[in-house]
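Q: whatever this is, show me its structure:
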Amino acid sequence: MLEWDAPGSTTVVLVHGFLDFAYGWHEVAPLLGAHVVAVDMRGHGDSDRVGAGGYYHFMDYVADLDDVIRRVARERVIVVGHSMGGGIAAYWAGARPERPAALALLEGLGPPDQRDVDVAARAGLWIDGWRGARRAFRPMASLAAAAARLRKHDPLLGDALALRLAEHGTRVTDDGLVWKHDPLHLTQGPHPFRLDAAAQFWRRIACPVLVVDGAESTLNLSDADRAARRAELRDVRHVVLPGAGHMMQRHQPTALAALLAGTVSTKTT
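A: The predicted structure is shown next:
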């Protein structure tokens with residue numbers, strides 16, 4: 001967990017996305033003008049991995065976020081979630097509607113609906129993947145190679161930032177550099193995303209919600225799907241961030257921080 005201290009009664013909790021980590025917020029957090037906490041979700045970054053026989057079920061993340069907020073947040077708490085972190089934050093805000101003062105979801109309203117997935121067949125694939133996931137990692141020869149891999153999946157990511165993220169997001173093994181996240185995350189979980197279930201949480205969110213999409217994102221839902229999901233929220237504001245892809249905290253950190261700082265400074269009841 002990373003922390004930026006500041007006076008006042010507000011805490012902003014930053015929740016990263018899939019295979020990301022707390023350091024990914026390092027250019028945004030200092031600009032928010034509040035006490036800020038960025039969390040390494042379990043099995044990501046420097047957080048512990050689950051033990052033998054364990055797994056990362058989505059509601060485990062929600063419970064972890066609740067525990068972090070209970071331990072470190074001040075009177076007024078704002079949660080910002082990116083991608084998978086947005087799903088975690090939204091579920092938490094639906095489960096605890098009395099707690100957050102505001103919520104920001106950065107391309108964080110879930111993946112495509114999977115209600116028609118054959119869950120029995122998926123469970124078999126999950127068991128097979130779970131059994132061998134930790135033996136299937138691919139070590140990298142250098143930080144430059146790790147940075148190149150990041151840029152391969154994120155063309156808007158600059159060279160210097162890619163190298164810093166690679167430095168903070170890898171660890172050294174006898175075979176070379178490996179990502180800090182648990183390879184178990186790369187398996188497909190046994191429980192498919194159900195839009196009808198997610199919407200039950202979204203409808204219970206009582207605080208204002210800022211939804212931010214990257215103008216150049218290639219990892220988002222259709223306009224119609226996004227609009228339908230936003231319609232499930234009681235009090236929502238939608239912003240499209242120019243010059244940003246899915247990883248908007250990397251691409252436009254100053255502009256994103258300005259959006260979020262507006263939410264931080266707005267007093268809500």
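Q: show me what stretch 211-220 is in contact with.
A: 83, 104-109, 156, 226, 230, 233, 236-248, 251, 256, 259 (CB atoms under 8 Å, 6 or more residues apart in numbering). Glycine gets a C-beta too; all of them are placed from N, C-alpha and C.
Q: next one, pLDDT for the closest residue to residue 88 other than its chain neighbours please.
A: Computed as CB to CB, 6 or more residues apart in numbering, the closest residue to residue 88 that is not its neighbour in sequence is residue 61, at 4.6 Å. Listed pLDDT for residue 61 reads 97.
Q: now the strands for the stretch 101-250 of the chain?
A: Counting by DSSP state E, counting those that start in this stretch, the stretch 101-250 of the chain has strands at residues 170-173, 176-179, 209-214, 236-241.
Q: most tightly surrounded among those strands?
A: strand 209-214 (a mean of 23; mean count of other CB atoms under 10 Å).
Q: so how far is that one off the chain centroid?
A: 13 Å (CA atoms, centre = their mean, to the nearest Å).
Q: what mean pLDDT does that strand have?
A: Rounded mean pLDDT across strand 209-214 is 98.
Q: next, the angle from it to strand 236-241.
A: Using axes from the mean of the first three to the mean of the last three CA atoms, to 10 degrees, the direction of strand 209-214 lies 20 degrees away from that of strand 236-241.
Q: what lines up beside strand 209-214 in the sheet?
A: Using DSSP bridges, strand 209-214 pairs in its sheet with strand 100-106 (parallel), strand 236-241 (parallel).
Q: go through those and name the closest to residue 166.
A: Residue 166 lies closest to strand 100-106 among these, at 21.9 Å (CB to CB).
Q: gap between the closest one and the chain center?
A: Distance, stretch centre to chain centre, for strand 100-106: 13 Å (CA atoms, centre = their mean).
Q: relative to residue 139, how far out is the residue of the chain positioned farthest from its centre?
A: Checked against the mean C-alpha position of the chain, the extreme residue using CA atoms, centre = their mean is residue 174, at a distance of 30.0 Å. Computed with CB to CB, to the nearest Å, the distance linking residue 174 and residue 139 is 9 Å.
Q: who touches both of those two?
A: Common neighbours of residue 174 and residue 139, using CB under 8 Å, 6+ apart, do not exist here.
Q: could you list the low-confidence segments of the stretch 51-200 of the chain?
A: 136-137 (pLDDT under 70).
Q: helices of that one, start to end?
A: 58-72, 84-95, 119-132, 143-153, 159-169, 195-204 (DSSP state H, counting those that start in this stretch).
Q: next, the angle from the first one to strand 100-106.
A: In this case it means helix 58-72. Using the same axes, to 10 degrees: helix 58-72 against strand 100-106 is 130 degrees.
Q: in contact with residue 90, which residues?
A: Residue 90 touches 81, 103, 105, 108, 109, 198, 201, 202, 205, counting by CB under 8 Å, 6+ apart.
Q: top of those by number of neighbours, please.
A: residue 105 (31 neighbours; other CB atoms under 10 Å).
Q: determine which two of the contacts of residue 90 are furthest apart.
A: 103 and 198 (14.2 Å).
Q: gap between residue 92 and residue 173?
A: The spacing between residue 92 and residue 173, counted by CB to CB, is 34 Å.
Q: to clarify, my last question referred to residue 262.
A: The separation that residue 262 has from residue 173, given CB to CB, amounts to 43 Å.
Q: ditto for residue 126
A: Residue 126 is 26 Å from residue 173, by CB to CB.
Q: using CSV, lay out the strands paired with strand 209-214 together with distance to residue 75.
A: Supplementary listing: those in CSV, determined by distance: least, CB to CB, whole Å:
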stretch, distance to residue 75
strand 100-106, 9
strand 236-241, 23
